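In: I would like the atomic coordinates for the input below:
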Amino acid sequence: MEGNRCPRFQKSKRNSADALHILTKIGNDKFEFLFTPLNENKKDFSTILNEIHKSYCVSKPFRELRLRHHIIQANQLKVMPLEHICNRIDGVWNLANNQGNLGCFIITNVRVVWFASLNEYFNISLPYLQIAQFSLRDSKFGQVLVIESVDNSGGGYVLGFRIDPASRLKQIIQELRSLHVTQNRNPEFGVVWKSTLEDRKETSMPLTHKGEMQDQGVRCFANYLQPDCFNSGGHPPEFDKSIGLAMEKLPKGVSRNSLWQITF
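Out: I've put the predicted structure just below:
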């Protein structure tokens, strides 16, 4: 539900029961999903999903690399929810295209930010979730901090920064590596969610005598889509770039498009 994906949630009536109708568009392709709860539920799922989608959009700066965005105001970083500044280093050179630009380097608990001293709009916001590694390299400018971003479908970035003196540079890279590990292990997305006792009761599932979850309904639906599940026990999930979701690997002769041709 990001990029050119435009979801819309609404309620509809199906067999005298409230159903959740999800419409989404990816490029020129349109998808429709219809979900009907087995039991009556007082909750308005369309409202819940709209709130979830809103939170998802709010979390984008925590997950996506951004260039030349309005993240600086009056020489200060616009701090996001649940974000706090860990360190600020002035006089840091951004070494790009064999030339240097002097600016400010800001380290927070969720990202690394650099902006030029003469132009605040010349900036980059790089979340730890998009960083592959930090390293020190020798260059014609001396020893520099190198940040390599994750190589997505559009390619990755390699950024170089010169921080003086060398002893401070080593302290900075240790701090960055520590924050990088922390954010990847326990990601912070700027969203707070609290469950009530009623929510926990509704979402809890009874256990069988053997202590296993009762998932016969899920199994039946999975077996309907995967006829060979009885023998193989299911297929491992794989990421489908076209829909941006991980789904169970389909058996031979079955395509993703054919799954939407089910008639009710």
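In: Now for the spatially most central residue of the chain: which residues touch it?
Out: Geometric centre of the chain, nearest residue: R63, 4.9 Å, by C-alpha atoms, centre = their mean. Contacts for R63 (C-beta atoms under 8 Å, 6 or more residues apart in numbering) come out as 127, 129-130, 189. In this view, the C-beta of every residue, glycine as well, is placed from N, C-alpha and C.
In: Can you lay out the residues you listed as TSV showing neighbour count and distance to G160?
Out: Conversion of these to TSV gives the following (neighbours: other C-beta atoms under 10 Å; distance: C-beta to C-beta, whole Å):
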residue	neighbour count	distance to G160
P127	26	19
L129	18	21
Q130	20	17
F189	19	28
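In: Widest-spaced pair of those residues?
Out: Distance extremes for the contacts of R63: the farthest pair is Q130 and F189 at 13.3 Å, using C-beta to C-beta.
In: now the helices for the stretch 151-264 of the chain?
Out: Here the stretch 151-264 of the chain has its helices, by DSSP state H, counting those that start in this stretch, at 166-185, 197-203, 216-225, 229-232.
In: Least confident of the ones you listed, on average?
Out: Ranked by mean pLDDT, the helices of the stretch 151-264 of the chain bottom out at helix 216-225, which scores a mean of 45.
In: quick revisit: between the contacts of R63, which sits nearest A19?
Out: A19 has its nearest neighbour among the contacts of R63 in F189, at 29.4 Å by C-beta to C-beta.
In: show me the contacts for the closest one.
Out: 55, 58-59, 62-63.
In: mind giving me the domain ranges of the protein?
Out: Using automatic domain parsing, the domain parsing of the chain gives 1-58, 62-185, 213-264.
In: from these, which stretch is densest packed?
Out: Most buried of the domains of the chain, by mean neighbour count (mean count of other C-beta atoms under 10 Å): domain 62-185, with a mean of 16.
In: residues contacting the closest residue to G142 other than its chain neighbours?
Out: Setting aside the residues directly before and after it, G142 is nearest to R162 in space (C-beta to C-beta, 6 or more residues apart in numbering), at 6.4 Å. For R162, the contacting residues are 92-93, 95, 100, 141-145, by C-beta under 8 Å, 6+ apart.
In: In TSV, list those residues along with pLDDT.
Out: Below are these laid out as TSV (pLDDT from 0 to 100):
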residue	pLDDT
V92	96
W93	95
L95	91
G100	86
F141	85
G142	89
Q143	92
V144	94
L145	96
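In: picking that back up, now, among the contacts of F189, which is nearest to R168?
Out: Nearest to R168 out of those is F62 (C-beta to C-beta; 27.2 Å).
In: who touches stretch 137-153?
Out: Stretch 137-153 has contacts (C-beta under 8 Å, 6+ apart) with 65, 93, 95, 100, 112, 126, 130-136, 156-163, 166, 169, 172-173, 176, 241.
In: what about it, distance to the chain center?
Out: Remark: stretch 137-153 is offset 24 Å from the chain centroid, using C-alpha atoms, centre = their mean, to the nearest Å.
In: re earlier: what two of the contacts of F189 have the greatest distance between them?
Out: S55 and R63 (12.2 Å).
In: who does A116 bridge with?
Out: Per DSSP bridges, residues listed as beta-bridge partners of A116: G103.
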